[in-house]
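what's the 3D shape of this:
(one chain, ligands or ions: 1)
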Amino acid sequence: MWRTAWSIQSTASSSRYLARQKRDPFVKARNTSGNDHGTQYVSRSAFKLEQLNKAYRFLGKGKIVVDLGASPGGWTQVALRAGCEHVFALDLLPLHSSIQQQASRTNARLTALQGDFRSSEIQTKLEEIIGKGGERKVDVIMSDMMANTSGNPIRDSVASLDLIHSAFSFAKSMLKRSDTKSSENDSSVLIMKYFEGPDAQEFKKQYLQPNFSRIVNKKVAASRSESSEMYFICFDLKE
Ligand SMILES: C[S@@+](CC[C@H](N)C(=O)[O-])C[C@H]1O[C@@H](n2cnc3c(N)ncnc32)[C@H](O)[C@@H]1O
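As a prediction, this is how the structure comes out:
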């Protein structure tokens, strides 16, 4: 059969993708992740949050968590497995249908919202659902939001900084402040994915350092080695 150059190229790149998926230990782990927990992870990304939480222990019993860029729901699953009390999950896309059932099994509350986080209406809606102005504040805000990457590192970095800027502004009004901490283990935490680029450290200096007591830049083993994907983990929002 006659094939165009495009279709040959596309077949070659699908073969490379499939070969990489076959070799990827985190894809294998996702396929067997139900064995010890009863529910299989719906995304490979879940292992990134598992690794971050293993290192910094910010998820746990009683925590109120906001998961931005939550679909299909791997990070929400990790928060539910860790015993968090309530997860508010937002994405442009819906969560996988199994996630609500997982929440019911663990007696946790899960509130899912669909929309563009950059829109002020969606942010206001989320704030209203969480209960802005009341006593209730959020322990952990995590953002794994990212539009499809373009392959251009500078463009991808700028797009990621745009999204984390929105997450940072939201965190300033919704995250617990350090003066309300009940113990050393009660830190408020903001975790945000970004792509390394010329402006990322400037963002940290200008916005994160003045507002948080401690900030860590972390690359996780579950991120692909060729990716410039990184995470900011920010502890204790100052008054
Ligand atoms: C890497 S995926 C998240 C994977 C997820 N953490 C998991 O473990 O299943 C990135 C997500 O960000 C979402 N996203 C990108 N831009 C967004 C925006 N402006 N508002 C809400 N979600 C957005 C995408 O729809 C996509 O589902």
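
show me what the longest strand along the chain is in contact with.
Among the segments of the chain that qualify as a strand by DSSP state E, the longest is strand 229-237. Outside of strand 229-237, the residues that reach it under the criterion C-beta atoms under 8 Å, 6 or more residues apart in numbering are 48, 52, 56, 58, 164, 171-172, 175-178, 181, 187-196, 200, 204, 208, 211-220, 223. Bear in mind the C-beta positions are built from the backbone N, C-alpha and C, glycine included.

would you mind measuring from the residue most central in space within the chain to the ligand?
Per C-alpha atoms, centre = their mean, the C-alpha nearest to the average position across the chain is that of D144, at 3.0 Å. Taking C-beta to the nearest ligand atom, to the nearest Å as the measure, D144 falls 3 Å from the ligand.

surely that residue touches S45?
Yes. Taking C-beta atoms under 8 Å as the definition, D144 is a contact partner of S45 at 6.0 Å.

got any residues that touch both of the two?
Taking C-beta under 8 Å, 6+ apart as the contact rule, the neighbours common to D144 and S45 are W75.

how far does the longest helix anywhere in the chain sit from the chain's center?
Among all segments of the chain classified by DSSP state H, the helix with the greatest residue count is helix 153-174. For helix 153-174, the distance from its own C-alpha centre to the chain's C-alpha centre is 12 Å (C-alpha atoms, centre = their mean, to the nearest Å).

remind me what it packs against, helices and strands.
Of the remaining helices and strands, those touching helix 153-174 by 3 or more C-beta pairs under 8 Å, 6 or more residues apart in numbering; DSSP states H and E are strand 64-68, helix 120-130, strand 140-143, strand 189-195, helix 200-203, strand 229-237.

thinking again about what came up before, buried ones in the longest strand of the chain, by neighbour count?
Along strand 229-237, the positions that meet the burial threshold by neighbour count (16 or more other C-beta atoms under 10 Å) are E229, M230, Y231, F232, I233, C234, F235, D236, L237.

up against the ligand, what does this protein have?
43, 45-46, 69-75, 90-93, 116-118, 144-147 (C-beta under 6 Å from any ligand atom).

try 5 Å
Taking C-beta under 5 Å from any ligand atom as the test, the list of the chain residues beside the ligand reads 43, 45, 69, 71-72, 74-75, 91-93, 116-118, 144-146.

quick one: find the helix or strand in the protein with the lowest mean pLDDT.
Counting by mean pLDDT, DSSP states H and E, the weakest-scoring helix or strand in the chain turns out to be helix 5-23, with a mean of 57.

domains in this protein, by residue range?
What the record gives for the chain is the domain set 1-32, 43-237, from automatic domain parsing.

so the longest strand of the chain versus strand 189-195, what angle?
For strand 229-237 and strand 189-195, the angle between their directions (axes from the mean of the first three to the mean of the last three C-alpha atoms, to 10 degrees) works out to 160 degrees.
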